[in-house]
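> Sequence and predicted structure, then a few things I'm wondering about:
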Amino acid sequence: MKGNKYVLEMAEDVKVNPRDPKHSGLTFFINKNDTIYYLAGHMGIWDGSKFVFESSPWSVVTFLKFVWQFGVLDFLDMNIRVNDNLAKFMKIYDHQENNEAFVESKDLWKRVDLYNLTQNSTSDYFGNELSSENATILTQLIHGVNKVNYNQNNNELNALAGVVSLCPLVTGELVQIEEGNSEIFSRVIEKYASRVHKDVKISKIVSLEDEEGKHYFLEETNRNFQVASFY
């Protein structure tokens, strides 16, 4: 935070002192937090010494400034590429519904036609996909988003992570887990697992279905045990 602005931090070297409780970038919060929601009324991109972009209290003015700063064609290119790859990513859930499994993560990414993104940097990928050479939207906006989310530069971050990072910006949909993402794993254990098995090597996952619903079994070398049931 700087004043009453959202800051996308573009500084190359971000060092955080654990004794100095500050954030190197944007912190997400739910819109029920009225105080912060009121104070953080605008968004800006900070390059380490100055704001290279600032929003306006008037949405029309912000849109015009955005178009002037980043260009219509590059903005459309970014949106198209993110939405296309998001549609591919969503196919993962179709494969899960069909009980498909993959030995290695690269097999999954190849199945949904996203493997090429894992082999390219965000910088190279968008550098080839955007209309402008050395596009400002890449060096400022996309770079700022990735510095906030991952504290990495575009040339350090693979394109798959870079595209995922941009999804909330492009789709306008942003949610968070109250009390943190660790709550997900706690809920899974509470809901599905009566026991937690440690120090085991899983060799196979078996899907079985009966009158009660679908069950998943994990097979380990010397023993088989049911890890969870889904109905």
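Great, that's in hand.

> hey, where'd the strands end up in this structure?
Ranges of strands within the chain are 5-9, 42-46, 51-54, 202-210, 213-220, 223-230, based on DSSP state E.

> so where do the helices sit in this protein?
34-39, 59-70, 72-97, 105-111, 115-118, 122-129, 136, 143-150, 159-171, 182-192 (DSSP state H).

> The ones you listed: which one's closest to G48?
helix 143-150 (10.3 Å; Cβ to Cβ). (Each C-beta comes from the backbone N, C-alpha and C, glycine too.)

> before we move on, back to that, highest average neighbour count across the helices of the chain?
The highest average neighbour count among the helices of the chain, using mean count of other Cβ atoms under 10 Å, belongs to helix 143-150 at a mean of 22.

> could you say what helices and strands it packs with?
Secondary-structure packing of helix 143-150 (3 or more Cβ pairs under 8 Å, 6 or more residues apart in numbering; DSSP states H and E): strand 5-9, helix 159-171.

> between the ones you listed, which gets nearest to Q140?
Across the helices and strands packed on helix 143-150, Q140 has its closest neighbour in strand 5-9 (8.3 Å, Cβ to Cβ).

> related to what we said a few turns ago, nearest to S123 among the helices and strands packed on helix 143-150 would be which one?
Nearest to S123 among these is helix 159-171 (8.4 Å), distances taken as Cβ to Cβ.

> From S203, how far out is S49?
55 Å (Cβ to Cβ, to the nearest Å).

> repeat for N79
N79 is 43 Å from S203, by Cβ to Cβ.

> about what we covered before: mean pLDDT lowest for which of the helices and strands packed on helix 143-150?
Among the helices and strands packed on helix 143-150, strand 5-9 carries the lowest mean pLDDT, a mean of 43.

> okay, now the domains of this structure?
With automatic domain parsing as the criterion, the domains of the chain are listed as 5-62, 71-171, 183-230.

> Reformat those domains as TSV; add distance to I177.
Formatted as TSV, the domains of the chain follow (distance: least, Cβ to Cβ, whole Å):
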stretch	distance to I177
domain 5-62	10
domain 71-171	14
domain 183-230	5
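
> Of those domains, which shows the lowest average pLDDT?
domain 5-62 (a mean of 56).

> show me what contacts F53?
Taking Cβ atoms under 8 Å, 6 or more residues apart in numbering, we find F53 in contact with G44, I45, K65, F66, Q69, Q140, L141.

> could you dump those to TSV with distance to S186?
Putting those into TSV (distance: Cβ to Cβ, whole Å) gives the following:
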residue	distance to S186
G44	36
I45	36
K65	43
F66	40
Q69	43
Q140	39
L141	36
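
> Tabulate the helices and strands packed on helix 143-150 (CSV), appending distance to S59.
Output for the helices and strands packed on helix 143-150, formatted as CSV (distance: least, Cβ to Cβ, whole Å):
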stretch, distance to S59
strand 5-9, 15
helix 159-171, 16
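
> thinking again about what came up before, for the contacts of F53, which one is nearest F89?
Comparing those against F89 with Cβ to Cβ picks out L141 as the nearest, at 21.0 Å.
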